[in-house]
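Q: Need coordinates for the below:
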Amino acid sequence: MHVGRSYRLLDFAVWSRRGALYVLIVSLVAVAAYSLPPLAGFSIPWPIVAVLGTSVALVAGFKNGQVLQRSSDALQAFAQIAAISRLLATLSCDFLDKEAARRVILRHLAWLTALRYSLRRPMPWETVSQGANRAFRRRYYQIQEDLTTLPQALAPLLGAEADAIAARPQPALALLQLQGEEINALLKQSAVPTQVYSELMKLLRDCHDQQARCDRIKNTPYPRQYAVVSAIFVVIFATLLPFGVVPTFAAMGGSDGVLGTVMLWLSVPFSVLIGWMYFALDLVGESTSNPFEGNANDVPISQISRDLEIELRARLGDTELPAALPPVHGIAT
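A: Next comes the predicted model:
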């Protein structure tokens with residue numbers, strides 16, 4: 001997630017340059033078709049292009065509205081996880097003995113770690129592997145999950161259990177199950193008051209709820225039919241656009257040979273600008289539709305998890321805390 005003032009125009013242009021290059025090539029073809037025989041004068045009526053552009057704008061706007069809602073849901077889920085984590089730490093430190101509180105809190109942090117690794121796993125429909133996103137990520141930032149493995153991340157929290165937990169089919173769910181067993185054992189040993197036990201079980205249920213919420217967003221893509229329609233419409237519009245712009249600029253040049261030629265070629269940058277705007281709008285929507293994959297526009301789950309780990313381990317009295325994950329080039333991961 002970009003947490004600076006804004007992206008730089010140059011960075012954004014480089015990231016979305018492929019659409020502009022496509023429109024540039026089509027624009028040159030359109031100029032050649034209009035000015036050279038045997039197709040001299042070939043064009044597409046501007047009203048047709050205008051109607052198509054309006055339709056594409058509506059479809060792109062609908063798509064971007066939906067993917068923004070997905071991103072907001074993902075951010076809200078991790079905001080709720082942060083609240084659950086702090087309340088769990090408070091109850092554990094206030095009502096459990098020191099060793100039991102440490103086990104519960106470290107296991108909760110291990111669950112959070114396993115959850116974020118699960119959410120970072122690649123899915124077929126995600127865009128992180130696309131050329132523009134891959135190049136931007138390689139140039140500007142890295143995500144924590146690319147630098148360490150799950151067993152390495154779990155080792156400081158679980159010790160010898162880390163490898164066994166990481167080898168489970170669903171490590172996050174396995175950790176929640178162990179957490180429930182620990183809390184039940186504390187009740188049977190009369191090591192926790194009944195009221196506190198009920199609150200801890202409610203928090204455990206909330207962890208299950210928020211994990212299911214995150215898994216739903218991760219495992220369910222933005223409907224492919226809408227995504228494909230939007231992409232196809234943008235390509236069609238960008239292909240036909242120069243053939244509608246060329247005659248308009250040629251008419252502005254009138255019968256003057258020099259001015260007519262200049263105006264004819266001016267249609268190229270204007271076509272590229274308009275086409276690039278539509279391609280960039282669709283690209284932003286597609287890159288925001290999967291808020292956990294690790295793109296620059298995604299929810300910074302690594303940073304949120306690290307901040308919670310620092311806070312909760314400090315609550316336990318630990319002095320050797322992991323380093324924070326500050327934004328890199330304005331991008332929080």
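Q: my guess is residue 327 meets residue 4, correct?
A: Yes: assessed by Cβ atoms under 8 Å, residue 327 is found in contact with residue 4 at 7.2 Å. (Each C-beta comes from the backbone N, C-alpha and C, glycine too.)
Q: Which one's more surrounded, the two?
A: For residue 327 versus residue 4, neighbours defined as other Cβ atoms under 10 Å are more numerous around residue 327 (15 against 11).
Q: State the pLDDT value of that one.
A: For residue 327, the pLDDT comes out at 87.
Q: ditto for residue 257
A: At residue 257 the predicted local distance difference test score is 59.
Q: And the one 3 residues further on, by the same measure?
A: Residue 260 is assigned a pLDDT of 65 by the prediction.
Q: what does the one 4 residues further on give?
A: According to the per-residue confidence, residue 264 scores 81 in pLDDT.
Q: Mind telling me what element it is part of?
A: Counting by DSSP states H and E, the element that carries residue 264 is helix 257-288.
Q: Show me what that helix is packed up against.
A: Applying 3 or more Cβ pairs under 8 Å, 6 or more residues apart in numbering; DSSP states H and E, one finds that helix 257-288 makes contact with helix 17-35, helix 46-95, helix 224-253.
Q: Residue 161: which of the ones you listed is closest?
A: Proximity to residue 161, assessed across the helices and strands packed on helix 257-288 by Cβ to Cβ, is greatest for helix 46-95 (18.7 Å).
Q: Quick one: mean pLDDT for the closest one?
A: Computed over helix 46-95, the mean pLDDT rounds to 90.
Q: Where does pLDDT dip in the chain?
A: With pLDDT under 70 as the threshold, the chain has low-confidence stretches at 253-260.
Q: Quick check: buried residues in stretch 297-313?
A: Under the neighbour-count criterion of 16 or more other Cβ atoms under 10 Å, stretch 297-313 has 297-306, 308-310, 312-313 buried.
Q: For residue 182, state which of these is nearest.
A: Closest to residue 182 out of those is residue 312 (16.1 Å), distances taken as Cβ to Cβ.
Q: residues in contact with that closest one?
A: By Cβ atoms under 8 Å, 6 or more residues apart in numbering, the contact set of residue 312 is 85-86, 89, 105, 108-109.
Q: Kindly recompute the last result at 10 Å.
A: With contacts defined as Cβ atoms under 10 Å, 6 or more residues apart in numbering, the neighbours of residue 312 are 85-86, 88-90, 92-93, 105-106, 108-109, 112, 318, 321.
Q: Tabulate those in CSV, adding columns for neighbour count.
A: Rendered in CSV, the data for the contacts of residue 312 read as follows (neighbours: other Cβ atoms under 10 Å):
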residue, neighbour count
85, 23
86, 14
88, 22
89, 22
90, 13
92, 26
93, 17
105, 22
106, 20
108, 26
109, 23
112, 27
318, 14
321, 13
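Q: Tabulate those residues in a markdown table, adding columns for distance to residue 131.
A: Conversion of these to a markdown table gives the following (distance: Cβ to Cβ, whole Å):
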| residue | distance to residue 131 |
| --- | --- |
| 85 | 37 |
| 86 | 41 |
| 88 | 42 |
| 89 | 43 |
| 90 | 47 |
| 92 | 47 |
| 93 | 48 |
| 105 | 42 |
| 106 | 40 |
| 108 | 39 |
| 109 | 36 |
| 112 | 32 |
| 318 | 43 |
| 321 | 38 |
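Q: Which single one of these is nearest to residue 175?
A: If you rank those by distance to residue 175 using Cβ to Cβ, residue 108 comes first, at 8.1 Å.
Q: out of the helices and strands packed on helix 257-288, nearest to residue 193?
A: For the helices and strands packed on helix 257-288, proximity to residue 193 was assessed by Cβ to Cβ; helix 46-95 is nearest, at 6.3 Å.
Q: Could you check the angle that closest one makes with helix 257-288?
A: 30 degrees (axes from the mean of the first three to the mean of the last three Cα atoms, to 10 degrees).
Q: ok so, going back, and the buried residues of stretch 297-313, which of them are in strands?
A: Among these, none falls in strands (DSSP state E).
Q: Which one of the contacts of residue 312 is nearest to residue 293?
A: residue 112 (18.1 Å).
Q: what residues are up against that closest one?
A: With contacts defined as Cβ under 10 Å, 6+ apart, the neighbours of residue 112 are 78, 81-82, 84-85, 157, 172, 175, 207, 211, 301, 304-306, 308-309, 312.
Q: Residue 120 contacts residue 148, correct?
A: No: between residue 120 and residue 148 there is no contact, the gap being 11.4 Å when judged by Cβ atoms under 10 Å.
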